[in-house]
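> sequence and predicted structure are below.
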Amino acid sequence: MKVEATLKNLRVSPRKVRLVINLIKGMDVANALVQLSLAVKGSSREIEKLLKSAIANAENNFGLDRDNLMVADIQVGGGPTLKRWLPRAHGRATPLMKRTSNVYLVLDEKIEGMKKKAKAKKIEKKAVETEEVKTESESKESKKAVVAKSAPAKNSPAGGLKGQKGAFAKKSFQRKSV
């Protein structure tokens, strides 16, 4: 199963980011994390964060095993460019292009189908949770029945608040005189 993650508007030019992503293409996840942590380039920290995010998505959302993941594909494209001006001599100005990058990462399994064990565990957990919810709802219903039996009648002076005619039903303070 393929797991995708994207990083948009990274404030590093795509040319510089490509130097980092070429280091980890095709590697398994553990080696890629080590490679990124040892890289000296500035964008390596951001790519490492993206890789960790993709791993977390694979484990939590799809139940995949971290040891079975590899970097199947990673691509960098240009994002929006910030256009600025730099003052120069004799009243001139030169344009500055502050480039951004969009990084697209795809993780894949080395051996297909190793996630089935995790799925079976999730199904068992869901079955146990639904049984717990049923027992809680049954206990709440029984409490409601006990409370309904012990509640006083509506027309009695000590009864509920809606539609009562007893002495306790009147308001103690009224803004307008009746």
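Received the coordinates, thanks.

> and the closest residue to residue 28 other than its chain neighbours, helix, strand or coil?
Closest residue in space to residue 28, ignoring its immediate chain neighbours: residue 70 at 4.6 Å, by Cβ to Cβ, 6 or more residues apart in numbering. Backbone N, C-alpha and C define where each C-beta goes, glycine included. What DSSP: H, G, I helix; E, B strand; the rest coil gives for residue 70 is strand.

> number of nearby residues for residue 70?
When neighbours are defined as other Cβ atoms under 10 Å, residue 70 has 18 of them.

> so residue 24 sits against residue 71, correct?
Yes: the pair residue 24 / residue 71 is scored as a contact, 5.4 Å apart, by Cβ atoms under 8 Å.

> which of those two has more neighbours?
residue 24 (24 against 20).

> all strands of the protein, in order?
3-10, 69-78, 82-87, 93-98, 101-109 (DSSP state E).

> deepest-packed of these, please.
When you average the neighbours per residue for each of the strands of the chain (mean count of other Cβ atoms under 10 Å), strand 101-109 leads with a mean of 20.

> pull up the overlap in contacts between residue 24 and residue 71.
Listed as contacting both residue 24 and residue 71 by Cβ atoms under 8 Å, 6 or more residues apart in numbering are 32, 51.

> could you chop this protein up by domain?
For the chain, the structural domains run 3-110, 115-147, going by automatic domain parsing.

> winner for burial among the ones you listed?
domain 3-110 (a mean of 16).

> ok so, going back, hey, least reliable of the domains of the chain by pLDDT?
Between those, the lowest average pLDDT goes to domain 115-147, which shows a mean of 65.

> related to what we said a few turns ago, pretty sure the residue nearest to residue 28 sits against residue 111.
No: Residue 70 lies out of contact with residue 111 (Cβ under 8 Å); the separation is 10.1 Å.

> ok, the nearest residue to residue 84 once chain neighbours are set aside to residue 27 distance?
Leaving aside its sequence neighbours, residue 84 sits nearest to residue 96 (Cβ to Cβ, 6+ apart; 4.3 Å). To residue 27, residue 96 is 35 Å away according to Cβ to Cβ, to the nearest Å.

> show me where this protein has its helices.
Ranges of helices within the chain are 14-24, 29-38, 44-62, 116-150, based on DSSP state H.

> which residues touch the third one?
Applying Cβ under 8 Å, 6+ apart, the set of residues contacting helix 44-62 from outside is 1, 3-7, 10, 12, 17, 20-21, 24, 29, 32-33, 36-37, 64-66, 69, 71, 103, 105, 107, 115.
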